[in-house]
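> Give the three-dimensional model of this entry:
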Amino acid sequence: MSTTQIFELVLGLLAAAIALHWVAIRLRLPPASALMIGGGAIAFVPGMPHWQLDPELALVLFLPPLLMDGAYYTAFGRFRTHLPGILSLAVGAVVFTTLAVGVVTHWLVPELPWAACFALGAIVSPPDAVSARAVLQGVRLPRRLVALLEGESLLNDATGLVLFRFAVAATLTGVFNAGDAAWSFVLLSLGGVAVGLAVAWLFFYVARRLHEDMLVIAGSLLIPWAAYIAGEAFHVSGVIATVAAGILIGWRQHEVFPARMRLQGTAFWRIMIFVLEALVFILIGTSLRGVVERIGDFDAKVMAMLLPVIGVVCVVTLSRVAWVFGIDAILSALHRLGLRQARSLGWRQASVLSWAGMRGVVTLAVALTLPDNIPGRDFMLITAFAVILSTVIVQGSTLGLLIRLVRPVDTDPPAKVSLPYCEAAIAKAKADVVAKLAYDANGELIHPMLLDQYTRRLNFTERYAEDAEAMMRGLDPHFDVVMAAIAAGRAELIRLHRAGLIEDETLHDLERDLDIEEMAVTLQRSDL
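Just a heads-up that it's a prediction; the model follows:
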């Protein structure tokens, strides 16, 4: 294919992704499932040009920005609090699944070497960050459960990639040392953290000196790839480096970036992440054709491998269930023995956590990097694709139903200060400053309107903090009037512009003010 044809194909896939996403919303299906099925159908459309997804390019193109976005919005306090549980999933569950898949695979396919069986286990063991984000969008879950799922999805790829590299090396050389693998994982992780923090601090240093919003936002686009590539260049974990950079930038951005930059950057990143996530799943679907062509006599080989493939898919699912419920049972036993820090999830949250193990782009990309001379390569490719399809389509499509059935309860203690009281505290801080600055050096009131405005706002928020439910009953009509006034102002602005009475620059400046006012009202309405 020529470069022009590749560009046209990417545009066509993006258009198809937008259409499939819209269909998924209308049919109330998980977008990830619709995109993957649609991509698979598109791949076999007659006349569709032949192309292959480069696995190395897929990892470096899609994984860093999606990891960065997830890390940026990670609730660092909960991440730190639940880090033992996150590591249990990101390291313990991945290693356990790798071993379980390896043992079952060797039992079902005895001629496959042990190291190759564990290589397959490493390919299919880590749940995918992109899949988890896509499936959990719009789902309300307990805070602890969200922290565990988000934290696991950020860290487990590093575990899977390290296990895969050691397993492939052992398959080709016949040499494996568990101690060296564990020590290497520790060094890779710590080195990744150091590289990621260094990249984030360098970005802050440069951002403070650019003094231009567009330059800083454009620079932020480079951070995920800079962290990932730097991590790989220093022979540490690029995944951990990207996550560390994202968490630090998300933690410090309130102090470093002005409001206008944050608003523009957030809008830019939301669109970019939507496009990347949509393309990831449609590309996974379209890559099915490449897998079929690689394997050759696909139908015959699939039928011959059907039982082992089903066995691996079952073991991938059941091993996560066994790990989650097993660890939860241990925590429950420790709590009964007097260890108060050990709090079990309970069967409701454990059920959701054990079922949220979707695989995606990392599993596919790693499978496609398998050396041609590794034993059982065709079987591994078919199995990897089967695991992706079964977890995203079956688990992803039924996760929402499971959440509605079990109704997981948030058992984490609530925050010490509620949203209404926090709003009242902010209003008081504002009112105190205005009360001081409303008078000149001679004690004369020079800002009476500001003082009155902030005093009334403080009185309102204090009443709202005392009885939020009673105050809410009068807020909707209030916001309706404000929104109607904004709409009337916008209509008048457009009328003046259409009549040729104002310049385009005036239109854009005043429309921006109205948009900010409308956005502020919308955010207030959604927060209350």
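> Now do the contacts for L451.
Residues counted as contacts of L451 (CB atoms under 8 Å, 6 or more residues apart in numbering) are V434, A435, A438, L445. (Each C-beta comes from the backbone N, C-alpha and C, glycine too.)
> and the helix or strand where it lies, how far out from the chain's middle?
Here L451, judged by DSSP states H and E, is contained in helix 448-466. Remark: helix 448-466 is offset 38 Å from the chain centroid, using CA atoms, centre = their mean, to the nearest Å.
> would you list the contacts of L451 in CSV and tack on pLDDT and distance to A115?
Output for these, formatted as CSV (pLDDT from 0 to 100; distance: CB to CB, whole Å):
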residue, pLDDT, distance to A115
V434, 89, 70
A435, 88, 72
A438, 88, 75
L445, 88, 81
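> Show me just the buried residues among those residues.
Neighbour counting with 16 or more other CB atoms under 10 Å marks V434, A438 as buried within the contacts of L451.
> Return the subset of the contacts of L451 lying in helices.
Among those, the members falling in helices are V434, A435 (criterion: DSSP state H).
> Quick check: of the contacts of L451, which lies closest to T383?
Lowest distance from T383 to the contacts of L451 (CB to CB) belongs to V434, with 65.3 Å.
> Give me the neighbour count for the closest residue to that closest one other than its chain neighbours.
In this structure, V434 finds its nearest non-sequential neighbour in Y454, 4.4 Å apart by CB to CB, 6 or more residues apart in numbering. Residues lying near Y454 (other CB atoms under 10 Å) number 20.
> you'd agree Y454 is up against A431?
Yes. If you go by CB atoms under 8 Å, Y454 and A431 touch, sitting 4.5 Å apart.
> tally of neighbours for E8?
If we define neighbours as other CB under 10 Å, then E8 has 13 of them.
> In terms of helices and strands, where is it?
Per DSSP H and E, E8 falls inside helix 3-27.
> Which parts of that helix count as buried, going by neighbours?
Going by neighbour count (16+ other CB under 10 Å), the buried part of helix 3-27 is L13, A16, A17, L20, H21, A24.
> now stretch 398-416
Of the residues in stretch 398-416, those buried (16+ other CB under 10 Å) are L399, G400, L402, I403, V406, P408.
> Format the contacts of L451 as JSON lines; extra columns: distance to L306.
Below are those laid out as JSON lines (distance: CB to CB, whole Å):
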{"residue": "V434", "distance to L306": "73"}
{"residue": "A435", "distance to L306": "76"}
{"residue": "A438", "distance to L306": "78"}
{"residue": "L445", "distance to L306": "84"}
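> Tell me where the stretch 51-200 of the chain has helices.
55-72, 76-81, 83-87, 94-108, 114-124, 129-136, 143-173, 178-210 (DSSP state H, counting those that start in this stretch).
> Correction: the previous question concerned the stretch 251-400 of the chain.
259-295, 298-336, 347-355, 361-368, 377-389, 396-406.
> so can I have JSON lines of these showing distance to I123 and mean pLDDT?
Conversion of these to JSON lines gives the following (distance: least, CB to CB, whole Å; pLDDT from 0 to 100):
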{"stretch": "helix 259-295", "distance to I123": "13", "mean pLDDT": "79"}
{"stretch": "helix 298-336", "distance to I123": "10", "mean pLDDT": "87"}
{"stretch": "helix 347-355", "distance to I123": "20", "mean pLDDT": "91"}
{"stretch": "helix 361-368", "distance to I123": "5", "mean pLDDT": "79"}
{"stretch": "helix 377-389", "distance to I123": "5", "mean pLDDT": "85"}
{"stretch": "helix 396-406", "distance to I123": "19", "mean pLDDT": "85"}
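> between those, which one is nearest to D412?
That would be helix 347-355 among those, by CB to CB, at 10.3 Å.
> Packing partners of that closest one?
In terms of contacts (3 or more CB pairs under 8 Å, 6 or more residues apart in numbering; DSSP states H and E), helix 347-355 is packed against helix 143-173, helix 298-336, helix 396-406.
> how about 6 Å then?
Judged by 3 or more CB pairs under 6 Å, 6 or more residues apart in numbering; DSSP states H and E, helix 347-355 is in contact with helix 298-336, helix 396-406.
> Need the nearest residue in space to I217, chain neighbours excluded.
Per CB to CB, 6+ apart, closest to I217 is G265, 4.6 Å.
> what sits against the residue nearest to V434?
Residues near Y454 by CB atoms under 6 Å, 6 or more residues apart in numbering: K430, A431, V434.
> I'd like to know how far it sits from C422.
In this view, Y454 and C422 are 17 Å apart by CB to CB, to the nearest Å.
> Equivalent analysis for R512, please.
As for R512, its distance to C422 is 28 Å (criterion: CB to CB).
> Distance check, F204 against L221.
The gap separating F204 from L221 is 16 Å, by CB to CB.
> Same check on A58?
Separation of A58 from L221 (CB to CB): 18 Å.
> out of the two, which sits in the more crowded spot?
Neighbours were counted for A58 and for L221 using other CB under 10 Å; A58 has more, 21 against 15.
> Surely that one touches A367?
No. Taking contacts as CB atoms under 6 Å, A58 lies outside contact range of A367: 11.1 Å.
> Next, show the common contact partners of these two.
Common contacts of A58 and A367, defined by CB under 6 Å, 6+ apart, are absent altogether.
> Which segments of this structure make up each domain?
The chain is divided into the following domains under automatic domain parsing: 3-406, 418-472, 474-528.
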